[in-house]
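S.K.: What follows is a protein structure lacking sequence information:
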């Protein structure tokens, strides 16, 4: 090998890249050295920032909270409460995105009524409320005309579903395919009371559907509800709803409509996403959803998702606490997916909708909703993986329970052990609390304190106080276990 030459092993390609360019002037050299020094400074600053962030993460207290309960028990609403209380800026920025959800809620409520009217022939209202044969009179002509004027809402329903479901979410889109009208025609028996209820649209957890609404014009040319400034732009759905608002109000308050809904045991006002009593306000062209509207809106999610939010300092500590809230599906088919999350959780909020004492599961019409909640509560209390986990019980939808009891529905008719106790909210809530507390005491592998609250998670004031108490309790126990308190 000639003197001064390099072998292949000694060759470094980086040397060729980094070596000074040939014929470099002194001025160019100084500029190059200054640029290299600046690049080193920036690289060092990034390294220091990452190091400080890692150290801060080690110091930060992380609380993991799991939301459990059957479908429509209020889990998603509880999560939105946490977001409203502890990430209020982000929550308010997203309120406009919920307008499309509320629009769909209104359209689906109207469709429920129209499908019920299209599927039944009623005797006169003063005939004692008994269904008769085909000789009974048909829907009045005025009501038929009203239904025809609301036909544009079918198009709006399809438009809103297309906006909410991102491209590629074929499974979500397919859920909409079953019409409640055809379902009723296929099942005319009284046992098919589910027929009025159109299958629900659902989205995947996370921000995908929000991102679809927040973007500019879609590839298919349809405008979205937000412009680049975040201010509401032309919204076809809102314009049509505004035009149809008087007809929607007339439909909802029609005496025959109320009789049809009563006979079919359709209680729209008890369902999440009910806005028919606020049509004039929420169909105004300049309507922006309020915090309460967002909490009341109904958008079914499937799957499991983790939400993170930074909460204010607790127990006098300087740094805040990061909460990781896991929202899981509540349908019977999704219950087995709960178990993997039991291994690393600090607390569980279990929601039991006690207003469902006279209702059945949508997935299984043979199972009472209250009975299902009791069985789920027993399973959670007895699980040994959760022996050292705080269980917080929300006896939810007490406002609906109160409304039912005031209307004359007897709790003892459905819950025999209730006996001849007074048929009022205070007595009923104490009864349910004692029953769930007894299960907690009997089935827990180790003794632990019972935390039970009677809630209406759409009530912002009361729920805010309850969540604050839960937060402080969970954080203090977490810090104590971490030996930080």
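M.R.: Thanks, I have it. Quick caveat, the model's predicted, so the values are computed rather than measured. Residues are numbered from 1 along each chain as shown.

S.K.: okay, and for the stretch 51-200 of the chain, where does confidence drop off?
M.R.: 55-60, 119-138, 166-200 (pLDDT under 70).

S.K.: just the strands in it please.
M.R.: Assigned by DSSP state E, counting those that start in this stretch, the strands in the stretch 51-200 of the chain fall at 61-69.

S.K.: and the residue nearest the centre of the chain, what is it in contact with?
M.R.: The geometric centre of the chain, computed from its C-alpha atoms, lies nearest to residue 76 (C-alpha atoms, centre = their mean), at 3.0 Å. Counting by C-beta atoms under 8 Å, 6 or more residues apart in numbering, residue 76 touches 299, 301, 327. Any C-beta I mention is one placed from the backbone N, CA and C, and that applies to glycine too.

S.K.: can you count the residues close to the spatially closest residue to the first one that is not a sequence neighbour?
M.R.: The spatial neighbour of residue 299 that comes closest, neighbours along the chain excluded (C-beta to C-beta, 6 or more residues apart in numbering), is residue 101 at 4.9 Å. Neighbour count of residue 101, defined by other C-beta atoms under 10 Å: 23.

S.K.: for residue 53, same thing?
M.R.: Neighbours around residue 53, by other C-beta under 10 Å: 10.

S.K.: Could you pull up the residues touching it?
M.R.: No contacts exist for residue 53 under C-beta under 8 Å, 6+ apart.

S.K.: Check the spacing between it and residue 89 real quick.
M.R.: Using C-beta to C-beta, to the nearest Å, one gets 22 Å for the distance from residue 53 to residue 89.

S.K.: give the contact list for the residue nearest to residue 299.
M.R.: 164, 273, 297-299.

S.K.: Farthest pair within the residues you listed?
M.R.: 164 and 273 (13.0 Å; C-beta to C-beta).

S.K.: Mutual contacts of those two, please.
M.R.: With C-beta under 8 Å, 6+ apart as the test, residue 164 and residue 273 both reach 101, 299.

S.K.: Of those two, give the one with the bigger neighbour count.
M.R.: residue 164 (24 against 18).

S.K.: For that one, give its distance to residue 290.
M.R.: Counting by C-beta to C-beta, the gap from residue 164 to residue 290 is 20 Å.

S.K.: Name the residues of the top helix by length along the chain that are buried.
M.R.: Across the chain, the helix with the greatest residue count (assigned by DSSP state H) is helix 26-59. With burial defined by 16 or more other C-beta atoms under 10 Å, not one residue of helix 26-59 is counted as buried.

S.K.: Just give me how far that helix sits from the chain centre.
M.R.: 44 Å (C-alpha atoms, centre = their mean, to the nearest Å).

S.K.: before we move on, what about stretch 76-94?
M.R.: Per C-alpha atoms, centre = their mean, the centroid offset for stretch 76-94 relative to its chain is 11 Å.

S.K.: Next: stretch 460-470.
M.R.: Using C-alpha atoms, centre = their mean, the offset of stretch 460-470 from its chain centre is 18 Å.

S.K.: State the number of residues packed around residue 426.
M.R.: As a burial measure, residue 426 scores 10 neighbours (other C-beta under 10 Å).

S.K.: for residue 256, same thing?
M.R.: 15.

S.K.: looking at this, it is in a helix?
M.R.: Yes. According to DSSP: H, G, I helix; E, B strand; the rest coil, residue 256 belongs to a helix.

S.K.: Could you measure from it over to residue 22?
M.R.: 93 Å.

S.K.: Assign a three-state SS to residue 393, would you?
M.R.: Going by three-state DSSP: residue 393 is strand.

S.K.: Quick check: it touching residue 449?
M.R.: No. Between residue 393 and residue 449 there is no contact under C-beta atoms under 8 Å: 11.5 Å.

S.K.: So if I had to pick from those two, which one is more boxed in?
M.R.: residue 393 (26 against 9).

S.K.: contacting residues around that one?
M.R.: By C-beta under 8 Å, 6+ apart, the neighbours of residue 393 are 350, 352, 377, 436, 440, 450-453.

S.K.: got a winner among the residues you listed for most neighbours?
M.R.: residue 352 (27 neighbours).

S.K.: For the closest residue to it other than its chain neighbours, what is the enclosing helix or strand?
M.R.: Spatial nearest neighbour of residue 352, excluding adjacent residues (C-beta to C-beta, 6+ apart): residue 373 at 4.0 Å. Using DSSP states H and E, residue 373 sits in helix 369-382.

S.K.: Tell me how this structure divides into domains.
M.R.: For the chain, automatic domain parsing gives the domain ranges 63-91+302-479, 95-296.

S.K.: Do me a favour and get the end-to-end distance for the last one?
M.R.: Distance across domain 95-296, first residue to last, is 12 Å (C-alpha to C-alpha, to the nearest Å).

S.K.: so where do the helices sit in the stretch 351-485 of the chain?
M.R.: For the stretch 351-485 of the chain, the helices defined by DSSP state H, counting those that start in this stretch cover 369-382, 398-406, 411-414, 425-443, 460-481.

S.K.: chain center to the second one: distance?
M.R.: Here the centre of helix 398-406 is set off from its chain's centre by 23 Å, with C-alpha atoms, centre = their mean.

S.K.: again with the last one
M.R.: In terms of C-alpha atoms, centre = their mean, the centre of helix 460-481 is found 21 Å from the chain centre.

S.K.: Name the residues of that helix that come out as buried.
M.R.: 460, 462-463, 466-467, 470-471, 474-475, 477-479.

S.K.: Stretch 392-400 now?
M.R.: Buried residues in stretch 392-400 (16+ other C-beta under 10 Å): 392-400.
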